[in-house]
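>>> This is a predicted model, with the sequence first.
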Amino acid sequence: KQEVTQIPAALSVPEGENLVLNCSFTDSAIYNLQWFRQDPGKGLTSLLLIQSSQREQTSGRLNASLDKSSGRSTLYIAASQPGDSATYLCAVRLRGDYKLSFGAGTTVTVRA
Amino acid sequence: GAGVSQTPSNKVTEKGKYVELRCDPISGHTALYWYRQSLGQGPEFLIYFQGTGAADDSGLPNDRFFAVRPEGSVSTLKIQRTERGDSAVYLCASSLTQGAGTPLHFGNGTRLTVT
């Protein structure tokens, strides 16, 4: 069974700092990995998807890397803003499977 | 265009009652998923539909839970004889295909409270 762990569970930074969120997974036979954002009381918004054959994806201030051999992914958010405050979830899909296995998330607070 | 729509947004029911939760996926999306999220946790998989058929229902916790998608679009998650432990946010997601580069799109969920 795929286990997905996100560290830290919570993070508070002043505005302008760069954010580094970590995700680790136990089974490296992944199909893809997705990073989601979840605001309180809301559903999940897909931020970045990295396919198994890729090493990283970028969108604006967001960059996600994938290292299958070590079972790790990192989400970088540059020059954080108060609007970046949310919970960030990492989810992994294994080859031959359809479901996503989620971590418990990292709750980020960006202080103005 | 419209995203994934879930109704109701909130549902409060008494222990032992029957509930139905509805999901309208993005038009044209053939894959549909149900997940359940407890407070402070990531979502947990319940069931996956490809078209009208349930391709994987391995995440349904017991036989009180059932889901249908009769016409390959709208899906209903049905819970019989609800228990307090069923209280959670039930999330629906859809995707256009099952390709490696295809992201999942989630609805805002239905918050179910069993009293």
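Perfect, thanks for sending it.

>>> Geometric centre of chain B: which residue is closest?
Using CA atoms, centre = their mean, the residue of chain B that lies closest to the mean C-alpha position is B:W34, 3.1 Å off.

>>> Which residue is the nearest non-sequential neighbour of it?
Closest residue to B:W34 apart from its sequence neighbours, by CB to CB, 6 or more residues apart in numbering or on different chains: B:L46 at 4.2 Å. For the C-beta atoms, the positions are set from N, CA and C on the backbone; glycine is no exception.

>>> Against which helices or strands is the helix or strand encompassing the one you found packed?
Secondary-structure assignment from DSSP states H and E places B:L46 in strand B:44-50. Other elements packing on strand B:44-50 under the criterion 3 or more CB pairs under 8 Å, 6 or more residues apart in numbering or on different chains; DSSP states H and E are strand A:100-102, strand B:31-37, strand B:53-56, strand B:65-68, strand B:75-79.

>>> Dump those into TSV; add distance to B:T102 and mean pLDDT as well.
Written out in TSV, the entries for these read as follows (distance: least, CB to CB, whole Å; pLDDT from 0 to 100):
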stretch	distance to B:T102	mean pLDDT
strand A:100-102	12	96
strand B:31-37	8	97
strand B:53-56	15	92
strand B:65-68	21	97
strand B:75-79	18	98
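
>>> contacting residues for the closest residue to chain A within chain B?
Evaluated by CB to the nearest CB, chain B has B:G42 as its residue closest to chain A, separated by 3.0 Å. By CB atoms under 8 Å, 6 or more residues apart in numbering or on different chains, the contact list for B:G42 reads A:V4, A:L89, A:A91, A:F102, A:G103, A:A104, A:G105.

>>> contact partners of stretch B:6-26?
The contact list for stretch B:6-26 (CB under 8 Å, 6+ apart) reads A:43, B:1-5, B:32, B:34, B:73-84, B:90-92, B:94, B:96, B:105, B:107-115.

>>> Just the buried ones out of those, please.
A:43, B:4, B:32, B:34, B:73, B:75, B:77, B:79, B:82, B:90-92, B:94, B:105, B:107-112, B:114 (16 or more other CB atoms under 10 Å in any protein chain shown).

>>> and B:G85, helix, strand or coil?
Three-state secondary structure (criterion: DSSP: H, G, I helix; E, B strand; the rest coil) places B:G85 in helix.

>>> Now the phi/psi pair for B:G72, please.
phi 80, psi 10 (degrees, to the nearest 10).

>>> burial count for it?
As a burial measure, the neighbour count of B:G72 was computed by other CB atoms under 10 Å in any protein chain shown and equals 15.

>>> B:G28 is in contact with that one, correct?
No - distance between B:G72 and B:G28: 10.5 Å, which falls outside the contact criterion (CB atoms under 8 Å).

>>> wait, doesn't the residue nearest to B:W34 sit right on B:A54?
No - B:L46 is not in contact with B:A54 according to CB under 8 Å; the separation is 10.3 Å.

>>> More neighbours: which of the two?
B:L46 (22 against 19).

>>> what residues are up against the more buried one?
The contact partners of B:L46, taken as CB under 8 Å, 6+ apart, are B:Y33, B:W34, B:Y35, B:R36, B:D57, B:G59, B:L60, B:P61, B:F65, B:A67, B:L77, B:Y90.

>>> I only care about the residues you listed that end up buried; give me the ChimeraX line for that.
One line in ChimeraX is enough to select the buried ones among the contacts of B:L46; burial here means 16+ other CB under 10 Å:
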select /B:33,34,35,36,59,60,65,67,77,90
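
>>> The contacts of B:L46: which two are farthest apart?
Checked with CB to CB, the contacts of B:L46 reach their widest spread between B:Y33 and B:P61, with 15.6 Å between them.
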